[in-house]
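K.L.:
Fold the following for me, if possible:
(one chain, ligands or ions: 1)
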Amino acid sequence: MISTPDFTFTVAASCTKCSACSHVCPSSIIAMTADGPTLPNAKICIKCGHCVAICPVAALDFSWTPLKNQTNIEKPLSITAEEAEQFLRSRRSIRSYRKLEVPTDKLEKILDIAHYAPTGGNSQSISYVVIKSSETIKALSNFTLEWIDALAKTNASFRQYANLSKISKGTGSDMIFRGAPAAIVAVGPRKLPMARDNARFNLAYAELFAPTLGLGTCWAGFFEMSTSEYNKEVYDILGLTEEQMVVGALMVGYPKYHYKRLVDRNPLKFTLL
Ligand SMILES: Cc1cc2nc3c(=O)[nH]c(=O)nc-3n(C[C@H](O)[C@H](O)[C@H](O)COP(=O)(O)O)c2cc1C
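P.N.:
Modelled structure (predicted):
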């Protein structure tokens, strides 16, 4: 056992010295000795829990990722390639929602799953603001439409999007959050370059998991773009500080329609070297 003020690293007598913990450690900081694994340099540990999760006899415990917090995989999930393909390809962006409240516990469950997505250096740097208030969604939508309007005047590639504002104002239908009853805003530290990448993986997990709860999602990319720069008005609405940054957003709700066919895409581009 290694015990320091920061952590405790324990190896039980049942350790078979198979070296799996040492081999899977991303920082290569677990050394296998005649007495079992040791941790000579814990400073660069990224606290990913691989060492604890891989041990075939549950001999290793590490206070940064305690054994008791890891879930045993009792029965490996059996899913065919066809099932996986249908599941993944069935995810579609949903832009028509039923006027039905999304229970908070379902949103929390989606985000709980999302937060198991990989993050650079295991930084786990994404937090979320969940919005169910229609007034708040409307205020955020209006902010984004004004941002698009202003940009369309100066940026030629944005001119086409001036229509979004016109349609929203003309028809009263929200072209930013599409009438979704809920929105998820992913937030990361402004100074962390990988925060946006991390958010993409987290929200991809959210998009794939949401249909299992009967929910549909769509990226709110315009909202994300309009709120990446710090703006006091909108950051105050979201309860965020200048050190934080909006790095992704999804609209969420019960789909009004259900797709009957899997979509085609452009031909796959594939190079073998
Ligand atoms: C980063 C990103 C931003 C997006 N932003 C928007 C958006 O602002 N509004 C919207 O209606 N769809 C948005 N989408 C959805 C795409 O239009 C959609 O993923 C694409 O057309 C493929 O359709 P599918 O998601 O149904 O497969 C966005 C998607 C991504 C990945």
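
K.L.:
Check which residues of stretch 170-177 are buried.
P.N.:
Burial within stretch 170-177, assessed by neighbour count using 16 or more other Cβ atoms under 10 Å, is assigned to 174-177. (Glycine included, C-beta is placed from N, CA and C.)

K.L.:
which residues of the protein score low on pLDDT?
P.N.:
By pLDDT under 70, the chain contains no weakly predicted segment.

K.L.:
Residue in it with the shortest distance to the ligand?
P.N.:
The chain approaches the ligand most closely through G221 (2.3 Å), counting by Cβ to the nearest ligand atom.

K.L.:
so who does that residue touch?
P.N.:
G221 makes contacts with A249, as judged by Cβ atoms under 8 Å, 6 or more residues apart in numbering.

K.L.:
rerun that using 10 Å as the cut-off
P.N.:
Going by Cβ atoms under 10 Å, 6 or more residues apart in numbering, G221 touches 144, 176, 248-250.

K.L.:
and which of those residues is nearest M1?
P.N.:
For these, the residue nearest M1 by Cβ to Cβ is G248; the value is 41.5 Å.

K.L.:
what sits against the residue lying closest to G49 once chain neighbours are set aside?
P.N.:
Nearest residue to G49 in three dimensions, chain neighbours excluded: T65, at 3.3 Å (Cβ to Cβ, 6 or more residues apart in numbering). By Cβ under 10 Å, 6+ apart, T65 lies in contact with 7, 45, 47-53, 122.

K.L.:
Quickly note the distance from T65 to V52.
P.N.:
Distance, T65 to V52, by Cβ to Cβ, to the nearest Å: 5 Å.

K.L.:
Quick check, central residue of the chain?
P.N.:
In the chain, the C-alpha nearest the mean C-alpha coordinate belongs to N202, at 1.2 Å (Cα atoms, centre = their mean).

K.L.:
What strand or helix carries that one?
P.N.:
Using DSSP states H and E, N202 falls within helix 195-209.

K.L.:
same for the very next helix or strand once past that helix, what does it pack against?
P.N.:
Heading C-terminal from helix 195-209, the first helix or strand you meet, by DSSP H and E, is strand 216-219. Judged by 3 or more Cβ pairs under 10 Å, 6 or more residues apart in numbering; DSSP states H and E, strand 216-219 is in contact with strand 182-189, helix 195-209, strand 244-253.

K.L.:
and the helix or strand following strand 216-219, which residues are buried?
P.N.:
Next in sequence after strand 216-219, counting helices and strands by DSSP H and E, comes helix 221-227. Across helix 221-227, burial judged by 16+ other Cβ under 10 Å covers 222-227.

K.L.:
which stretch among the helices and strands packed on strand 216-219 comes nearest A84?
P.N.:
Nearest of those to A84, taken as Cβ to Cβ: helix 195-209 at 10.7 Å.

K.L.:
check whether that closest one contacts the ligand.
P.N.:
No - using Cβ under 6 Å from any ligand atom, we find that helix 195-209 stays clear of the ligand, coming within 7.2 Å at best.

K.L.:
sorry, back to before: how close does the residue of the chain closest to the ligand get to P76?
P.N.:
36 Å.

K.L.:
now the helices: where do they sit in the chain?
P.N.:
According to DSSP state H, the chain carries its helices in the segments 20-24, 50-54, 81-90, 104-114, 134-154, 162-171, 195-209, 221-227, 232-238.

K.L.:
Out of those, the one nearest H258 is which?
P.N.:
Of the helices of the chain, nearest to H258 by Cβ to Cβ is helix 81-90, at 9.6 Å.

K.L.:
what's the closest one packed up against?
P.N.:
Applying 3+ Cβ pairs under 10 Å, 6+ apart, one finds that helix 81-90 contacts helix 195-209.

K.L.:
and the angle from the helix it packs on to helix 104-114?
P.N.:
Here helix 195-209 runs at an angle of 120 degrees relative to helix 104-114 (axes from the mean of the first three to the mean of the last three Cα atoms, to 10 degrees).

K.L.:
If you count contacts, what does helix 195-209 end up packed against?
P.N.:
helix 81-90, helix 104-114, strand 127-131, strand 182-189, strand 216-219, helix 221-227, strand 244-253.
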